[in-house]
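Colleague: Fold the stuff below for me.
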Amino acid sequence: MPGDDYTPGRCGLLLIDTVNEVFDARGKGYPLYRDEFERIGTFGNLRRLLAGVRDRGVPVFFSGMSYSEQEYATWGRLTGIHRAMFDNRLFEAGSWGTEFHPELSPGPGEVALAPHKNIDVFASTDLDAQLRHHGVEFFAVAGMIGSMCVESTARSAMERGYHVTTIPDATASDAGPAAYDAMVARYPLFSHATLPVDEYLRALDAARR
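Modeller: Residues are numbered from 1 along each chain as shown. Next up is the predicted model:
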């Protein structure tokens with residue numbers, strides 16, 4: 001049973017890009033995901049997930065993305081996703097868009113990582129060090145984009161020896177229902193558990209009994 005794995009005091013949750021640019025209707029990225037957010041219930045599920053882990057004393061880590069004027073101007077060999085962001089000036093450092101959404105933002109004692117620059121949060125932040133200093137072995141990840149940053153970070157966590165949980169109803173893909181279904185089908189290949197929000201919270205409770 002998945003709940004047998006979630007040793008109390010050894011669990012942690014990472015939320016990726018829960019920022020205004022993505023989750024506020026005025027954000028530049030929001031129109032790209034609006035329909036999927038509504039279909040999946042992503043925002044409400046993230047709020048329930050965050051409240052649930054806080055109630056259970058699970059540490060939460062937040063990772064936002066941002067780029068400076070110098071980075072927009074000087075980065076070379078841009079990938080497709082970087083070019084799309086740079087051309088539209090998404091995640092502009094210091095802007096309202098890069099602030100965490102008020103309902104999905106760090107609370108007292110929670111960790112806001114340095115901004116990530118690549119789709120794998122481990123690659124350009126102190127995430128690994130933060131998880132280890134907080135004693136995290138059972139790593140759960142949600143946020144955006146499910147088929148990019150969430151997936152890449154989950155794969156990297158697995159390679160680093162963490163127990164990985166992906167939470168498919170607390171994210172969305174970037175290309176509609178078919179892409180979402182394909183993404184969810186991939187998650188169990190590199191995750192130790194793939195659980196909807198409510199099942200994940202029940203698994204945490206089961207491990208505490």
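
Colleague: Go ahead and name everything in contact with the lowest-mean-pLDDT helix or strand in the chain.
Modeller: Least confident helix or strand, the chain: helix 80-87 with a mean of 83, by mean pLDDT, DSSP states H and E. By CB atoms under 8 Å, 6 or more residues apart in numbering, the surrounding residues in contact with helix 80-87 are 67, 72, 75, 78, 90-91, 119, 148. (Each C-beta comes from the backbone N, C-alpha and C, glycine too.)

Colleague: May I see the buried residues of that helix?
Modeller: By 16 or more other CB atoms under 10 Å, the buried positions in helix 80-87 come out as 82, 85-86.

Colleague: Now do the contacts for Ser68.
Modeller: By CB under 8 Å, 6+ apart, the contact set of Ser68 is Ala93.

Colleague: my bad, should have said Asn118
Modeller: If you count contacts by CB under 8 Å, 6+ apart, Asn118 has them with 124, 152.

Colleague: show me what contacts the closest residue to His101 other than its chain neighbours?
Modeller: Ranked by CB to CB, 6 or more residues apart in numbering and with sequence neighbours excluded, the top spatial neighbour of His101 is Phe23, at 4.4 Å. The contact partners of Phe23, by CB under 8 Å, 6+ apart, come to 30, 37, 43, 101, 104, 144.

Colleague: The nearest residue to the last one once chain neighbours are set aside: how many residues sit nearby?
Modeller: Read that as Met144. Nearest residue to Met144, sequence neighbours excluded (CB to CB, 6+ apart): Asp17, at 4.6 Å. Asp17 is flanked by 26 other residues according to other CB atoms under 10 Å.

Colleague: Thanks a lot, see you next time.
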